[in-house]
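Peer 1: only geometry, no sequence info:
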């Protein structure tokens, strides 16, 4: 039996995998601080993904765009990829080739992918799907505290609090085991929907505030106003440990609760009640403000998170044991995946790629001239949107991502991918994106290889190998090494052993903000709780900022932010607002979960949540097929009537593909700082879907859920 961690979210729940007589793995929960011996339905069924019927075990190659993908051997596939990459680089330069990674890759793979892009390909064009996850919170946390670690404290601390604010987070569905840490605190939930988490709050004496999508920033300003007027601000803490309060207050001063109500739709009485509840707990240093994707996935997501951080700082919460601000990381390695080189502007250790000292350090570890390292590249959506254009990449290597489903404005992304000279996907199934590829490389999955992950607390942990991959399947490290050698790199530069890579990652990150130099396989095997920075063989940092914040003067920054409308507004043609989110049984683009019978059976198709009155005005009833249309495309989904829904808002889960993809609707407007797209606000109209074609024609794609690919 092997003790390891779940392949899904950033809780990284512990589990034990036991081989059965049929060769399949049985899953058993294991004790660990984040899950405390529990698992959600995704975790319980996670081993089934390893044996799905359409699992790939041989590379696939398409001779040209008019041909089908056919099985081939590894040498033929890799030789073809290397030959095409070298040819494109010779014709159009190194930035003609791009790399797109994922927040589910291990630290070792994330590190190697960034190194491969910058050395083997010499390209600046690398980013990853984590840009769509926590980038706004990362940017806001860095400018407030000088450092971004999702939760700068252990999750177990939260369980001891009197009050917890959850702004744009729904852990009751997205991270069910986390709710064990939220059973004692009184919850204040900020969500346009009466989510499962909002219902828990209401059932236990808490508060649910339901703002119109895109107005979270105004609500945070209104809460700061109410807290200040109510006398709850910690003036001593603000004076001694922060700067910038006066400038931040200039904006919040104008957002008295009645004005906030007019913009957000949240009653002024609810705003004052929430501020008082939070304020009383803050007096006891027993409150947390936690943000999630709902408040971050906006074209003003960084400023919105800053507004929540300003509220926390004004109340004196961060930098003290028993209280604080944190971000609930989504993807399994959403934290570690952005620390070691997958991002367009980053080198290992959370170093900036345009910092000469950072370049010198990492180049020294890699044994190259610092001048050989490329500079910053395009962010995730900008990279996807540049594919195949005059000055954009002509080839893309894709690891651990399925942007045809997960990126905004899917029609635009599909067109850009289709314009490439070469698309290579490393995947375990023929995902929606892999199906468009010229070459598909079958790679090992979570239980078939070892490696480290960094969970939502900044805790580095070991995922252990429980069984060998199927015959013919390689690890991502093996793929990158073999390609690098074909591209002219020395074989020793790209090791395939995860522990060897971890040791090098430690040297490359040493001295950086995210320092892993003290992380060793032995410490991990011993079960030590290693929260970064881990600068020495004995160090761990479970709680950051207790003595000072990471800015040179040791003070946190309150950043002045102003509310502004979303990227697009409703009108007579598009009178409703669509927002998106996750379901309990599915994960990301549906890569794994739509292939698991139990999970797919529970939620087999997309749906749209809508208030009964709003549905009636559109001529729709429960169970009808609806068409939701934005200025970019449409989504077909079953109607679910929800009496608690806002009259002006509809909700769609984003785990489905084709005509059921919620990202057919979403807006690619980007946050100016984080480059986060506007996932959470789309102006739409609602109407009955066109009739399904007769049996002689092709089935309507809305009635035929498509299996997913990489998350």
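Peer 2: That came in fine, so what should we check first? Because the structure is predicted, anything quoted here is derived from the model rather than measured.
Peer 1: how about the helices in the stretch 451-600 of the chain?
Peer 2: 476-486, 498-509, 521-525, 597-602 (DSSP state H, counting those that start in this stretch).
Peer 1: Tally up the residues packed near residue 52, please.
Peer 2: 17 (other Cβ atoms under 10 Å). Just so you know, the C-beta spots here come from the backbone N, C-alpha and C atoms, and that holds for glycine as well.
Peer 1: Could you tell me how far the closest residue to it other than its chain neighbours is located from residue 18?
Peer 2: In space, and not counting its chain neighbours, residue 52 is closest to residue 595: 4.4 Å by Cβ to Cβ, 6 or more residues apart in numbering. Using Cβ to Cβ, to the nearest Å, we find residue 595 at a distance of 22 Å from residue 18.
Peer 1: So between the two, which is more surrounded?
Peer 2: residue 595 (21 against 14).
Peer 1: Quick check: which element contains the nearest residue to residue 509 once chain neighbours are set aside?
Peer 2: In this structure, residue 509 finds its nearest non-sequential neighbour in residue 349, 3.3 Å apart by Cβ to Cβ, 6+ apart. Taking DSSP states H and E as the definition, one finds residue 349 inside no helix or strand.
Peer 1: ok, residue 349 touching residue 340?
Peer 2: Yes. Using Cβ atoms under 8 Å, residue 349 makes contact with residue 340 at a distance of 7.1 Å.
Peer 1: neighbour count winner among the two?
Peer 2: A direct count of neighbours by other Cβ under 10 Å for residue 349 and residue 340 places residue 340 higher, at 31 against 27.
Peer 1: Return the residues in contact with residue 638.
Peer 2: 605, 606, 607, 608, 623, 624, 625, 626 (Cβ atoms under 8 Å, 6 or more residues apart in numbering).
Peer 1: Please report the distance of it from residue 84.
Peer 2: Counting by Cβ to Cβ - residue 638 and residue 84 are separated by 43 Å.
Peer 1: hmm, back to that, can you pull the residues that touch both of residue 349 and residue 340?
Peer 2: Between them, residue 349 and residue 340 share these contacting residues under Cβ under 8 Å, 6+ apart: 508, 509, 514.
Peer 1: Could you check how far the last one is from residue 349?
Peer 2: What it means is residue 514. 5 Å.
Peer 1: go on, the first one?
Peer 2: For residue 508, the distance to residue 349 under the criterion Cβ to Cβ works out to 6 Å.
Peer 1: what sits in contact with each of those two?
Peer 2: Joint contacts of residue 508 and residue 349 (Cβ under 8 Å, 6+ apart) are 340, 362.
Peer 1: Phi first, then psi, for residue 330.
Peer 2: With angles defined as degrees, to the nearest 10, residue 330 sits at phi -100, psi -70.
Peer 1: For it, grab the count of nearby residues.
Peer 2: 25.
Peer 1: For it, give its distance to residue 449.
Peer 2: Separation of residue 330 from residue 449 (Cβ to Cβ) stands at 22 Å.
Peer 1: if I look at residue 321, how far off is residue 327?
Peer 2: Residue 321 is 19 Å from residue 327, by Cβ to Cβ.
Peer 1: between those two, who's got more neighbours?
Peer 2: Comparing residue 321 with residue 327 by other Cβ under 10 Å, the one with more neighbours is residue 327, at 33 against 12.
Peer 1: which non-adjacent residue is nearest the more buried one?
Peer 2: residue 137 (3.8 Å).
Peer 1: OK, contacts around the residue nearest the centre of the chain?
Peer 2: Central residue of the chain (Cα atoms, centre = their mean): residue 133, 2.8 Å from the mean position. Applying Cβ under 8 Å, 6+ apart to residue 133 gives the contacts 103, 293, 329, 330, 331, 334.
Peer 1: Cheers, nothing more for now.
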